[in-house]
Each structure stands twice: as C-alpha cells, then as structure tokens.
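Peer 1: Give me a model of this one.
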Amino acid sequence: MNFLAHIYLSGENPEVKIGNFMADSIRGKQYLKYPEGYKKGILLHREIDTYTDAHPTVRLSTKKLHKNYSHYSGVIVDIFYDHFLAKNWRSYSDIPLTIYVDNFYDLLGEHYEILPMNIKKLMPYMIADNWLLNYAKLEGISKVLDGMNRRTKNKSKMNFAIQDLQEYYDEFEAEFTSFFEELRVFSAHKLKSL
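Peer 2: Residues are numbered from 1 along each chain as shown. Here you go, the predicted structure:
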C-alpha cells in the first residue's frame, strides 16, 4: 500500500500514523531507537507490506502489470490502490478527504524533528503538490507515476502505467475493494497486538 492507505490504517494515534508513514526510511532494527508509538507504526507498516505482498488479490493486480514493469509492478499497484482509496474515501471515513489530508500535513509539522532526513526533504513537495488529495484524480496518479519513473532514471517506464490503469480500471477497482476490506480487518487486529 502507498502513503494514504498506510496513514489511514494507523488508526487515531498520531505517533502510530507518523511511524507508519516514515517506516520505509527506517532500516532493520533502527526502529528500536524511537518512542513506543512510532515503533508501533513502523512495525504496523512492515506487517501491512508483508500481508499485502503475499495476498492473492494483490497478486492478481500485479500480474496484469508484470510483463511491462517487472519488479516495479507491486509499487505501481500500491499507487493504484491509493487512488481507489482516495476516490472512494467517503466509503471509508466520515472525515472529508481534504480535512483528513490537511490534518495529516499539520501532524507532519508537529512531529518534524523525529522525521528521517529523506522524509523532511520529501515533505515540501508532497504538501505543495498535495499528493494525498490528488491521488483521487487520474491526473494526480499520472504525476506520481511520472515522478517515480524519473527516480528510476526512466528505467521503470512507470509513467506508462496510467494507460494500464485506464485499460483495466474496473478490474483494479474491484480487486482493491475486495482486498482493502480484508486489509482493514488485518490491520486493526495487528494494531491491537503490537
């Protein structure tokens, strides 16, 4: 799952949200140096990723992309799934997405000191271009995929994946909807046990 889903699946604890959000920047046992809430978020992120990568529905989605994007397929599906979460946000939250996203950006500011350097560098771009809100639109997803392709020095060709999203849109959306229900249950249980 990508940024929006990880934040959403963190529940209400601000430290868990921040930990989950920054988890990809925390390697191995580095998480042990963080306070308890952040630690919980980092571990939750890892559990979500493991569960997602092994899930048969997610594999159905990545299979459609594998021929063209190889090992980048999983990253692309994560981005597609964030699109469907943002697009169908009202089905998952009573808080409007604009408010939810603004609240999260405020939270990033409040916890700025604890963020890893690469997240601090990413933040201004994320907020200025309002990534989390713009996931709801195809143009927003297209921009994200373009940016990801640039980061791979144009090797991934992820910028073309917007065409795959449009071609298999209904299938991807059905796969996301089915999978996300299971992931919500899994994450809630995992959060309690961490």
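Peer 1: going forward, measure contacts between C-alpha atoms and count neighbours the same way
Peer 2: Fine.
Peer 1: Which other helices and strands does the lengthiest helix in the chain contact?
Peer 2: Longest helix in the chain, counting residues (DSSP state H): helix 169-193. Packing partners of helix 169-193 (3 or more Cα pairs under 8 Å, 6 or more residues apart in numbering; DSSP states H and E): helix 36-54, helix 56-69, helix 73-87.
Peer 1: one more time with 10 Å, if that's ok
Peer 2: On a contact count with 3 or more Cα pairs under 10 Å, 6 or more residues apart in numbering; DSSP states H and E, helix 169-193 meets helix 3-8, helix 36-54, helix 56-69, helix 73-87, helix 161-167.
Peer 1: Give me the angle between the second one and helix 169-193.
Peer 2: Per axes from the mean of the first three to the mean of the last three Cα atoms, to 10 degrees, the angle that helix 36-54 makes with helix 169-193 is 140 degrees.
Peer 1: again with the fourth one
Peer 2: An angle of 90 degrees separates the directions of helix 73-87 and helix 169-193 when computed by the same axes, to 10 degrees.
Peer 1: please begin residue numbering at 9 from this point
Peer 2: Sure thing, new numbering starts at 9, so read that last one as helix 81-95.
Peer 1: relative to helix 64-77, how tilted is helix 81-95?
Peer 2: 120 degrees.
Peer 1: quick one: buried residues of whichever helix or strand comes after helix 81-95?
Peer 2: Next helix or strand after helix 81-95 toward the C-terminus (DSSP states H and E): helix 105-118. Buried positions in helix 105-118, judged by neighbour count with 16 or more other Cα atoms under 10 Å: 105, 109, 112, 113, 116.
Peer 1: burial count for the residue nearest to the fourth one when sequence neighbours are not counted?
Peer 2: Yep, that's residue 113 we're talking about. The shortest distance from residue 113 to any non-neighbouring residue, by Cα to Cα, 6 or more residues apart in numbering, is to residue 135 (6.9 Å). Using other Cα atoms under 10 Å, residue 135 is surrounded by 16 other residues.
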